[in-house]
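1. Take this sequence and fold it.
(chains A and B)
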Amino acid sequence: MSKTIDARGLSCPHPVLMTLNGIKSGEADEMIILVDNEASKENVSRAAASKGWAVTEISKKEDLYHIAIKRR
Amino acid sequence: MKGIRNIFAGPWGIVGAGTVIGILAPLLQQWGNPGNMGVCVACFERDIAGALGLHRTEIVQYIRPEIIGFVLGSLIAAYMFNEFKPRLGSAPIVRFFLGIFAMIGALVFLGCPWRAALRLAGGDGNAILGLGGLIFGVWIGTIFLKGGYNLGRTQRTHAAAGWMLPLFMIGLLLLLLVFPQISGEGKDGVLFYSVKGPGSMHAPLAISLAVGLLIGFIAQRSRFCTMGAIRDFVLFRQMHLLSGFIALIVTAFVVNFIIGQFKPGFTGQPIAHTMHLWNFLGMALSGLAFCLAGGCPGRQLFLAGEGDGDAAVFVIGMIVGAGIAHNFGLASSGTGVGPYGIPAVIIGFAVCLFIGFTMRSKIA
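-> As a prediction, this is how the structure comes out:
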């Protein structure tokens, strides 16, 4: 099951907190996190990796990043 | 420039940023800046407030070019790497008041987190209390963050809106060039200058500005943040930003040692007092305010440089807070806290706790 976390317009630590809460909830094995700034993209990717999740894809459309992560 | 971006975002990027600041800050002291104050965002914004006459404490009046450089260096980096994102609207009035109380707390301690680190690296034992307070304040902030505290989402805005603080900084630079310091004079045109005291001690303009631009550039790239360093460790046990902050302290210590600026002790330290409780609580108030606002005072300048209007409001709040702190006897001096410093810290905590407890709605 996949889950989408909308962290647009938020700066850190909120996107990371939302991502980690999503990971902790155990609801999904795949998640898409939406962020709109480079620093949040880096932080979310780093946090997901630290929890043993794989960053499978990062796509950028205009100012919006889609970060796809997956439980290993 | 994608390759360079990755380097700066990695572990060596943040350690490199801390190291560069740790080398340049003690050197700025050699070149003329006040003791253990190679770079202090709070003190330098306070000096800017004084130069503009927002307070009239004669010993702390100077348009510090480092601050101008921080914002413009970040602006340049943001444009070079396509990261200039004009945005605002995340509870600006709250950020304004957080800026005011962050400054009041910093002026009770006598320094921002950057200076707390530099004071420690210079041997000032009182900085241990300040850094302890900073950790305590940020820790309180993380409890609010875990409880859902947030100031809401930002909105995209006009590019010109993102330019407001950078333009203000360019304006300050122009004032500095149009009304340069006249030796022995306390005023030139609209600008106040210090004839004695910390405000009279400064590196040459070109050096200060160049160092500011360089630090602004690398800090924007690496997201260097002293508050975030502690926050991320407390919240996530993540060492990333902390490694940069530690690199700053260690490097500044080594450089101070080499150039003979390391003088260990509690008493007789430059621009410092020994009231331990208020060193601790002043910085704790600042730490809490920085955490609630999402960045240390340096980071707020770098964010403002990349178009964040909310960070810009926080910066203006700090400058106004410096005016308040010095006009009404809240700021400390070498002899101890000001006559109204203690009640101001208590009020600051009340305001920050009010903000932390009440602004925790779910993000839709």
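2. Would you mind listing the residues in contact with the nearest residue to residue B:225 once chain neighbours are set aside?
-> Closest residue in space to residue B:225, ignoring its immediate chain neighbours: residue B:299 at 3.9 Å, by CB to CB, 6 or more residues apart in numbering or on different chains. No exception for glycine: its C-beta is placed from N, CA and C like everyone else's. Residues in contact with residue B:299 (CB atoms under 8 Å, 6 or more residues apart in numbering or on different chains) are B:219, B:223, B:224, B:225, B:226, B:227, B:228, B:311.
3. For the helix or strand containing residue B:299, the averaged confidence score.
-> Per DSSP states H and E, residue B:299 falls inside helix B:297-305. For helix B:297-305, the mean pLDDT works out to 98.
4. Stretch B:34-43 too?
-> When pLDDT is averaged along stretch B:34-43, the result is 97.
5. now it, how far from the chain's geometric center?
-> Offset of stretch B:34-43 from its chain centre (CA atoms, centre = their mean, to the nearest Å): 9 Å.
6. Name the residue of chain A that lies nearest to chain B.
-> The nearest approach of chain A to chain B comes at residue A:9, 3.0 Å away (CB to the nearest CB).
7. Tell me the secondary structure at that residue.
-> Taken by DSSP: H, G, I helix; E, B strand; the rest coil, the conformation at residue A:9 corresponds to coil.
8. surely it meets residue B:85?
-> No: taking contacts as CB atoms under 8 Å, residue A:9 lies outside contact range of residue B:85: 10.6 Å.
9. Touching both of these two, which residues are there?
-> Common neighbours of residue A:9 and residue B:85 (CB under 8 Å, 6+ apart) are residue A:36.
10. near chain A, which residues of chain B?
-> Within chain B, the positions near chain A by CB under 8 Å from any CB of the partner chain are B:5, B:9, B:81, B:83, B:85, B:87, B:90, B:145-146, B:150, B:152-156, B:223, B:228, B:231-232, B:235-236, B:238, B:240, B:294, B:303, B:308, B:363.
11. redo that, cut-off 7 Å
-> Counting by CB under 7 Å from any CB of the partner chain, the residues of chain B close to chain A are B:9, B:83, B:85, B:145, B:150, B:153-155, B:223, B:231-232, B:235-236, B:238, B:240, B:294, B:363.
12. So which of these sit within strands?
-> Taking DSSP state E as the definition of strands, those contribute residue B:155.
13. what's around the residue in the stretch 251-364 of chain B positioned nearest to chain A, how many residues?
-> Using CB to the nearest CB, the closest approach of the stretch 251-364 of chain B to chain A is made by residue B:294 at 5.7 Å. Counted with other CB atoms under 10 Å in any protein chain shown, the neighbours of residue B:294 add up to 29.
14. again with the one 4 residues further on
-> The number of residues packed near residue B:298 is 27, by other CB under 10 Å.
15. Could I get the contacting residues of residue 44?
-> No chain was given, so I picked chain A. A:15, A:16, A:19, A:33, A:35, A:67 (CB atoms under 7 Å, 6 or more residues apart in numbering or on different chains).
16. should've been chain B
-> Residue B:44 touches B:64, B:66, B:67, counting by CB under 7 Å, 6+ apart.
17. these two touch, right, residue B:281 and residue B:345?
-> Yes: Residue B:281 lies in contact with residue B:345 (CB atoms under 7 Å); the separation is 5.4 Å.
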